[in-house]
Every structure is written in structure tokens, then in C-alpha cells.
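**Q** Task: produce atomic coordinates for the following.
(2 chains)
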Amino acid sequence: MSRIYRLLIPIALILLIAIYIVLPNSPGIHFLGINRDFSTRLGLDLVGGVQALLEADVPASTPINPNDMNIAKKIVENRVNALGVSEPVVQQAGSRRIVVELPGETDPAKALAVIKQTGLLEFVDMSSLSGQQAFALLHTKINTDWSPGGNQPSQNITPTSTTPITPTLTPGISITPSAVPSSTITSTVPISRGPTFHTVMTGAVLKNVYVNPNPGGVPNVAFELNAEGAQIFKDFTSAHIGQVLGIALDKEVISTPSINQAITGGKGVIEGKFTQAEADALALQLKYGSLPIPLKVITSETVGPTLGQDSLNKSMIAGFIAMCVVVLFMALYYRLPGLVADLALLCYALITFALFRLIPVTLTLPGIAGFVLSVGVAVDANVLIFERIKEELRSGKALKLAIDLGWKNAWPSIRDSNFSTLITCAILFWFGNTFGASIVKGFSLTLALGVMVSMFTAIVVTRTFLHLILDKINFTQHSRWFGV
Amino acid sequence: MIDIVKRRYLYFGISLLVIIPGMIALLIWGLPLAIDFKGGSLLDIRFNTGTVPLPAQVSALYAENGFNDSIVQTTGQNGLIIRSLEMTDAQRNQLVAEMESRFGSTITVQRFESVGPSVGQEVAKRAAGAVGLAALGILIYITIAFRGVSHAFRYGIAAIIAMLHDVAVVLGVEAILAHFLHWEVDALFLTALLTVIGFSVHDTIVVFDRIRENLNIYRRLPYETVVNHSIVQTLVRSINTQLTVMLTLLSLALFGGITIRHFVVILLVGVFSGTYSSIFNASPILVVWENQEWRTWFRRSPSSS
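**A** Predicted coordinates for the structure are as follows:
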């Protein structure tokens, strides 16, 4: 008896946690350093949106540097974030593909254009501003006079230079940002409505960029220019000593160093109070303002918001009806144990749904189908147990013993059958993952989660509830309650 | 007690009765592949005002824009689904704009997909690999799980045969239905097929588990009797489980969105086939194997003479 109560406490605890997570407008967890909100994530097919599969646009035989792919992914991520979609997904799929999902995005053409664009790196003349004014522009959009049609050099950056770099490189000719964060900056900078800055040169003239570890000091970012760039840079820096040279990526100011002295050799260093990570990030942006690997869209899918909403409503109704049918069937066929199983089934649904929100799993239409199907699996476990219990009861065993024996005998088939389903799920997941087929992935994930939770409810919850409710019932007087 | 094992050849025959027409349909009509597999584009639009143009009119407009072999289908009251070659979003926008101006109606894009041909082929290849891998994984698992039983390997093979039976049924039914209902084999169909595989084995294992158990209890009884006994013992469970799964699927098919109807119908067919094969095929195959009955298949059987 005491064993049952010992199990009851963790079950109650799990259910309470699950309810807390499932609650509409769940407050989330915001203590002990954990900061999590819980909400149900809906897939593209349910809310509408854009999905695109990008592939490295190089011949299939060309090996792709995983690091380059990673950088490309990061850049795409940044651009996607700029779109302002609520929960964008950017994932690498296989070695040469990137999946981008933009739930709620209604203009696929615009979204894809933003993703595919080549980043434009500009060095802009900010001589009209003080250091502090320039600093205030950091991470805002500015206007520049550069246009792709002009006689400016093209914006392709070729990160091909592999010249070994010596860390002792020209420390004398460096530009250092003199702007220091100051609380006195009060001017609010209007985005894109400020003055138009002159573009001195674009990222196309950069030959190489790297981080100087600068032993004993703060790391800085060194760069080398090609001959054309070196000339432009020499002319500009000689004329603007002490003034600010802004660096903008896609018109967003990413750095505002000021010029310490004329830079004539085509080599310079950007100094600042960088952490190693910041220096790395800046070097990355300078070097790969454009994608390190060209990407092309090989698959795109757009779902209109009305179709998504319609699908969501319908599958909610279908799921609800399916649950009702199952609950009714169990109660009618298995009577009292059936009702107990229905209770366990509700726990099952609650825990699974809580897991969906906790992990979080993005719910798609096939995902919901996987969930509903796993309800069938959960029922199966109970059916297996009940049939065994009935057998034991028919052979004259006492109820309490029958429950234990029935559970024990049913366990191997529950275990083995569910394991084979899990194997299939794992293979499906792998299959979906290589292609960024999120529908297949969603389905296998929800089905696998459902199968695992159903094993838990069958092993722990159904059994405990059965004992709790049935142990004290005199079976011989109430055999009809059991449908035996 | 019902004797299922005794009539095993009748049940094998019933299976063939379903599988053979399906295979013939598969050979003649083949499986029409969706753009997921062969590449191309799909545009699902709704005309908000005015009348819906005839499919031929839309095809003509597509042709003028360089998309020659478009297939136009009407959906619902005022919707069209147009399948054609792969296109970019810009091309699609232009097509929609042209349709709006020519047919005098604003258009809502419900769904748009475009898949490059190379991805499609790769998906098809990987899918076949996935099915093979699943079969292998399950075979290994069953052989390990049944290692205590003599000829554990047979159980794995019998489960795989039952699984292939279900794959054949699903493919055949899909070939027939696809021909008449204009369905296409897409990634979702593949998911359904793989799920059917999982469920088929799930069902088979429940029966096999009972055989495993009974072999230890009834050591003196003939193998055939033990197998039949095990099938009958698990019959109620098989039917009840199948009923609940089919009921849930049925509610999805009837009330769920149109987008997953094809998927759900295939699952229904597969789950039914899976239960049938686990009762009437998988376990009787064990008996056929135990008796090595193939030796008498091509001879006049003593009982019929």
C-alpha cells in the first residue's frame, strides 16, 4: 500500500508542473536564474508564413568548409532577425543547406530578397560629427550616398587572401575609437532620417581582416586594403585626422573609430575596448559583409494566413472529437478500469502538451496528427494491461494480484512494440532533418514524445490509479464493473 | 476456439487479392510524384471577387509567361491550384498580378511551393534508404528482443514480411486512388508510409510476444497450436486497439483540414492492413516456416486429394 502512495507524490508533482506549463498565459519560470516563458509554437502550416531551403550555390563536387557554412548561417540569421518576424527559425540542414522559416511573414518575395542580399560594407565620412555624436549612431541605420549603379567598386568581398599575418604589423598607423560610452549623450537619433553621409569606400577594397590578439592588452582588429583602397584611404585619412570614420554594414553603423593619423600603407588597425568576442564579431562582419558562400533558394513554400487558421481550427476540432471518441470507447468497453484509463489518458495528454511547450516543439498539422496517433498508442498500452487483468480475474485471481500480474505480463509487449515505433521515429527524424522537411521532423518528434510519455503513463500512472481506486473494491460483488 | 492458423492460405489469398490489383495499378499508372520529389511549383490561389477563370484561360496565361505545361485544378468554390515548373517568387508575383488584371479579381495566395529538381531526386533516394534502414533497425531489435526463443531470426523476418505486405498494400491503394482522385505522392505520403511501417511492427510484436510467452508455458503442445492460441488471446486487444486508432484517424479525416486528408486516409489503410497482417500473416508465416511447407507447395497436397 505504502508503495502506491510513494508513487502518488511524484505523479501529483509532475501533473502540477504540467498544469502550470499548460495554463493559458502561463506566467513562465522567472527565478533561480531561469527565464522562460511558455507558449505553444505553431508551425507555418498553422499560422501561415514562408519557408525556404537555401543551398550553397557551388558545384556539388566542391567541398564546403563547415565554418563558412556556419558563418553564412549566422549572417542569414542576422538578416532574418531584421525582418521582425516573431519566431524565425534558421537551421543548417545537412552540410550544404540552410532552412529558413518565417512564421507569420506574408511577403515571401521581400523576405527572400532580404535573405539573399549581399551585405554591403561601407566606410563613411562622419567628419561632420563629434566622436560622441558618431557613437550615438551605433547600431542605427544611416543614409549614405553610395549606390550600386555608380562608378564605385563592386561590393563583392573576396576572402581569399591567405597571406600569413604578422602580429607586429604597423602599430604606428592605427585608428582608434575615441568615443567612450557616456551617460551625457541625450540626443535621440532619428533612424534613416538623419543626414546623408558620404561613402568613402566599400568593403570591396578590403584585402584581409583579422583579429590581433595583442598580448598584454586589448585585442584589436587589423585590416589590409588593396592598391585602390590604399590610395583612397591615404587621401581621406590625411585630410581628416582626428575625425570619425564610420563603418556601416547594410547601412547599419557597426563601428565609429576616429582617425589618429594618416594611414598610407594600406594597412590599419581598429582599436577599441573590445572583448575577444567583440573583436571576432567585428572582424567577421568586415570580412564577410557578404556571405562567404553564395546561396540560392532551391525550395520555397508560402502558406497564406487564412489557410493556416482554417487548418488550425479544423485540426483542433478533429483532435477534440478523437479524444472524446477514445474516452467513450474505453469507458463503455472496459467499464471502471476504462474510466481509470481515461483519467490516465488525460494525464497523458496534459504531460505531452506540457512537453511540447517546454521543449518547445513546433506544432504542425502532421505534428498534431502524430499527437492524435500517439493517443492511440497510449490507449493500446492500457488495453494490453486490461486484457491481461481480465485474464487473471477469469482464472480466479484476487483483484489486487490480478492488477499486478496483468501489468507485469503486459509490460514486455508494451516495451518491445513501442521500441520499434521509436526506431522508426528516429529514422524519420533523421530523414526530415537532412532535408529541412520540418513537417516530417515535427511528426516524428511528436509521435516519439507521445510514445515515451505513453509508456510512462502506462507504467506509472495507470497502475497507481488502478490500485488506488480498485484495491478496496470487492470484485466478486461488482464483477460487472469490470466487464468480466 | 477460432482456428486462424489452419486457414492460413485463405488469409494469404485475401492479402494477395488486395495486393495484386494494387501492384498492377502501380505498374500501369505508376505513382504520380508531387513537386516534393520531381521539382516544380505549386500555387494555390483564391479569387476574392468576380468569377473564377477557366483552367484553360489560366494555362494560356502561364504559357504566355513561358510556363508551358501547367496543370490547373479547381478547388472549392473560388480556388485554383496550378502546378508548373519551378519558379522564383518574383515570377510568381508577376503571374499573380497578371491574373488579377486580366480576370478582374483580387487574388489571395493560400499556398505557394517551389522545389528545385535536384532536391526532389535526392529526397526520393533518401526515402528509399530510410525505409531500408527502418527495416534493418527493426530486424535487429526483434532478433535481440527474442533471443531467448529458438530461431529468433525468423520472428524478425516474419515481421519484416508482414511489414512489406503493408507497404505493398499502401503503395497499391495509393496507385489506384491517385489515379482516380488525382493524388500525388508527396513528403507527407512518405511520412504516412513510414508510420505504417512502425505500427505494423508494433502490432506484430504484440502477437509475437504472446507466442514467446506461451512457448514457455505450453512446452508439450504443437507449435501450430501455440501460435493459434497466442493469436486468439491477443485478438481482442488487436481489434480494440485498431478500433481506437481507426476512430481517431477517422475523426481527423472527417473533421481535420483538407491538407492532411490524403495523409490520414493512407494511414487508415495502412493501420488496417497492419493489424490484418499481424494477425493473419505474420504469425502463420512462422508456422509455414516451422513446418517448412514450401516443400509441398508445388506438389499435390495430401489433404486435397
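**Q** Show me what from the stretch 351-484 of chain A comes close to chain B.
**A** A:365-366, A:369-370, A:372-373, A:375-377, A:379-380, A:383-384, A:387, A:391, A:409, A:412-413, A:416-421, A:423-428, A:430-431, A:434-435, A:437, A:439-440, A:443-444, A:447 (Cβ under 8 Å from any Cβ of the partner chain). The way it works is simple: take the backbone N, C-alpha and C, and place the C-beta from them, glycine included.
**Q** of those residues, buried ones?
**A** A:365-366, A:369-370, A:372-373, A:375-377, A:379-380, A:383-384, A:387, A:391, A:409, A:412-413, A:416-421, A:423-425, A:427-428, A:430-431, A:435, A:437, A:439-440, A:443-444, A:447 (16 or more other Cβ atoms under 10 Å in any protein chain shown).
**Q** Check what pLDDT the closest residue to A:Thr196 other than its chain neighbours gets.
**A** Distances taken as Cβ to Cβ, 6 or more residues apart in numbering or on different chains place A:Asn143 nearest to A:Thr196, at 4.3 Å, with adjacent residues excluded. Per-residue pLDDT puts A:Asn143 at 80.
**Q** What residue in the stretch 51-200 of chain A comes nearest to chain B?
**A** Closest contact between the stretch 51-200 of chain A and chain B, by Cβ to the nearest Cβ, is at A:Ala109 (4.1 Å).
**Q** so how many other residues sit close to that residue?
**A** Residues lying near A:Ala109 (other Cβ atoms under 10 Å in any protein chain shown) number 17.
**Q** which residues touch it?
**A** Applying Cβ atoms under 8 Å, 6 or more residues apart in numbering or on different chains, we find A:Ala109 in contact with B:89-90, B:92-93.
**Q** so it, which of the three states?
**A** helix (DSSP: H, G, I helix; E, B strand; the rest coil).
**Q** Please apply the same query to A:Leu53.
**A** Taking three-state DSSP, the label given to A:Leu53 is strand.
**Q** Count the residues that sit near it.
**A** Each residue near A:Leu53 was counted by other Cβ under 10 Å, and the total is 23.
**Q** same deal with A:Leu343?
**A** A:Leu343 has 16 nearby residues by other Cβ under 10 Å.
**Q** what do you get for B:Arg295?
**A** B:Arg295 has 8 neighbours, counted by other Cβ under 10 Å.
**Q** which parts of the stretch 51-200 of chain A sit against chain B?
**A** Counting by Cβ under 8 Å from any Cβ, the stretch 51-200 of chain A sits next to chain B at A:53, A:55, A:108-109, A:112.
**Q** Relative to B:Arg126, which of those residues is nearest.
**A** A:Leu53 (14.1 Å; Cβ to Cβ).
**Q** Show me how far whichever strand or helix holds A:Glu228 is from its chain's centre.
**A** Taking DSSP states H and E as the definition, A:Glu228 sits inside helix A:227-239. Put simply, helix A:227-239 sits 43 Å off its chain's centre (Cα atoms, centre = their mean, to the nearest Å).
**Q** could you dump that helix to CSV, C-alpha only?
**A** Only the C-alpha atoms of helix A:227-239 are listed here, as CSV (Å, rounded to 0.1, in the frame of the first residue of the first chain):
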residue,chain,number,x,y,z
ALA,A,227,46.0,49.2,-54.0
GLU,A,228,43.0,51.2,-55.0
GLY,A,229,41.7,51.2,-51.4
ALA,A,230,45.0,52.1,-50.0
GLN,A,231,45.1,55.2,-52.2
ILE,A,232,41.6,56.3,-51.3
PHE,A,233,42.3,55.6,-47.7
LYS,A,234,45.6,57.6,-47.7
ASP,A,235,43.9,60.6,-49.3
PHE,A,236,41.0,60.5,-46.9
THR,A,237,42.8,59.9,-43.7
SER,A,238,45.4,62.6,-44.4
ALA,A,239,42.7,65.1,-44.8
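**Q** Report the buried residues of that helix.
**A** By neighbour count on 16+ other Cβ under 10 Å, the buried set for helix A:227-239 is A:229-230, A:232-234, A:236-237.
**Q** of these, closest to A:Val361?
**A** Proximity of these to A:Val361 (Cβ to Cβ) peaks at A:Gly229, which lies at 49.5 Å.
**Q** Am I right that that closest one is in contact with A:Thr202?
**A** No. At 9.2 Å, A:Gly229 and A:Thr202 do not qualify as touching, with contact defined as Cβ atoms under 8 Å.
**Q** three-state assignment of A:Ser61?
**A** Under three-state DSSP, A:Ser61 comes out as coil.
**Q** Name the nearest of the residues of the stretch 51-200 of chain A next to chain B relative to B:Trp183.
**A** A:Leu53 (23.8 Å).
**Q** tally of neighbours for the closest residue in space to that closest one that isn't next to it in sequence?
**A** Of all residues beyond its chain neighbours, the one nearest A:Leu53 is A:Thr299 (4.0 Å), with distances taken as Cβ to Cβ, 6+ apart. For A:Thr299, the count of nearby residues is 26 (other Cβ under 10 Å).
**Q** So A:Thr299 belongs to a strand, correct?
**A** Yes. A:Thr299 forms part of a strand when assessed by three-state DSSP.
**Q** Now do it against A:Asn81, distance only.
**A** Going from A:Thr299 to A:Asn81 by Cβ to Cβ, to the nearest Å gives 22 Å.
**Q** looking at it, B:Ser251 is touching A:Ala318, isn't it?
**A** Yes. Using Cβ under 8 Å, B:Ser251 is in contact with A:Ala318, at 5.2 Å.
**Q** Tell me which of these two has more neighbours.
**A** The neighbour comparison of B:Ser251 against A:Ala318 (other Cβ under 10 Å) goes to A:Ala318, with 25 against 22.
**Q** per-residue confidence for the more buried one?
**A** On pLDDT, A:Ala318 comes in at 84.
**Q** Same check on B:Glu64?
**A** 87.
**Q** Please apply the same query to the one 5 residues further on.
**A** According to the per-residue confidence, B:Asp69 scores 78 in pLDDT.
**Q** what does the one 10 residues further on give?
**A** For B:Gly79, the pLDDT comes out at 83.
**Q** and the nearest residue to it once chain neighbours are set aside, what does it touch?
**A** Residue nearest to B:Gly79 in three dimensions, not counting chain neighbours: B:Arg46, with 4.7 Å by Cβ to Cβ, 6+ apart. Residues in contact with B:Arg46 (Cβ under 8 Å, 6+ apart) are B:76, B:78-79, B:107-108, B:110.
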